[in-house]
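>>> With the input below, show me the fold.
(2 chains)
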Amino acid sequence: GENVEQHPSTLSVQEGDSAVIKCTYSDSASNYFPWYKQELGKRPQLIIDIRSNVGEKKDQRIAVTLNKTAKHFSLHITETQPEDSAVYFCAASRGILTGGGNKLTFGTGTQLKVEL
Amino acid sequence: SQTIHQWPATLVQPVGSPLSLECTVEGTSNPNLYWYRQAAGRGLQLLFYSVGIGQISSEVPQNLSASRPQDRQFILSSKKLLLSDSGFYLCAWRQGANTGELFFGEGSRLTVL
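Reported below is the predicted structural model:
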């Protein structure tokens, strides 16, 4: 099955700096890679995703890059703000047509703290 | 619009007691349904998923079971809880095959004493 590793487990940055979180996956058939943000006491919510037919995707201060050859993908947050403080999860899945059963396998999470 | 609800929100149970967590989805049909557990280390571990009524796939051997008696209802159960079953349980749904966002319920915090 799929195995997703995520680093670092904790990350502290100064407000305004950039933050980068990295993930690797094991299943070469995975083709969908979302990122979720979980604020304290709340449910995880999707912030950005990327499919295997593109290498990069941006949404305002957030960007995700994908290297299919190396089987790794990264989340980049620029101009960090205190409200970016949360736990971030990467995930990977493959579709039903590739025998994946539509499962989403998550990384272990990164606690991001943006300090004033 | 689609909504997902799970309950109870918090639960304190003695070791050896039974468990039933319920999840329902509204505003959609034939969703894919999931149960995740989030332990103290923050990771989201997939426990069960279902692509249709009565179809349950288990991801890890454990003391828990799941059932899907109706299209939009997903239940997580245990006959006898263990201390290690403590955690934050999240129900989630997703539409279609690899089409995108997974929507989570509010979560159920289970403490086994």
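>>> Chain B contacts on chain A?
Proximity of chain A to chain B (CB under 8 Å from any CB of the partner chain) is limited to residues A:31-32, A:34, A:36, A:43-46, A:49, A:87, A:89, A:91, A:93-97, A:100-109, A:111. For every residue, glycine as well, the C-beta is placed using N, CA and C.
>>> Buried only: go through these for me.
By neighbour count, with 16 or more other CB atoms under 10 Å in any protein chain shown, the residues of chain A next to chain B hold A:31-32, A:34, A:36, A:43-44, A:49, A:87, A:89, A:91, A:93-95, A:100-109, A:111 as buried.
>>> Where do the strands of chain B begin and end?
Using DSSP state E, the strands found in chain B span residues B:3-7, B:10-13, B:19-26, B:32-38, B:44-52, B:55-58, B:65-70, B:73-78, B:87-94, B:103-104, B:108-112.
>>> Buried deepest among those strands, which one?
Comparing the strands of chain B by mean neighbour count (mean count of other CB atoms under 10 Å in any protein chain shown), strand B:32-38 comes out on top with a mean of 25.
>>> Output it as PDB, restricted to C-alpha atoms.
Listed in PDB are the C-alpha atoms of strand B:32-38, where the atom choice follows Å, rounded to 0.1, in the frame of the first residue of the first chain:
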ATOM      1  CA  ASN B  32     -17.300   7.200  -0.500                       C
ATOM      2  CA  LEU B  33     -17.100   7.100   3.300                       C
ATOM      3  CA  TYR B  34     -14.100   6.900   5.600                       C
ATOM      4  CA  TRP B  35     -13.200   6.600   9.300                       C
ATOM      5  CA  TYR B  36      -9.900   8.000  10.300                       C
ATOM      6  CA  ARG B  37      -8.300   8.100  13.800                       C
ATOM      7  CA  GLN B  38      -6.000  10.800  14.900                       C
END
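>>> Is it in proximity to chain A?
Yes - if you take CB under 8 Å from any CB as the test, strand B:32-38 does meet chain A, through B:Asn32, B:Tyr34, B:Tyr36.
>>> Which of these sits closest to B:Leu113?
The shortest distance between B:Leu113 and any of these, using CB to CB, involves B:Tyr36 and amounts to 22.7 Å.
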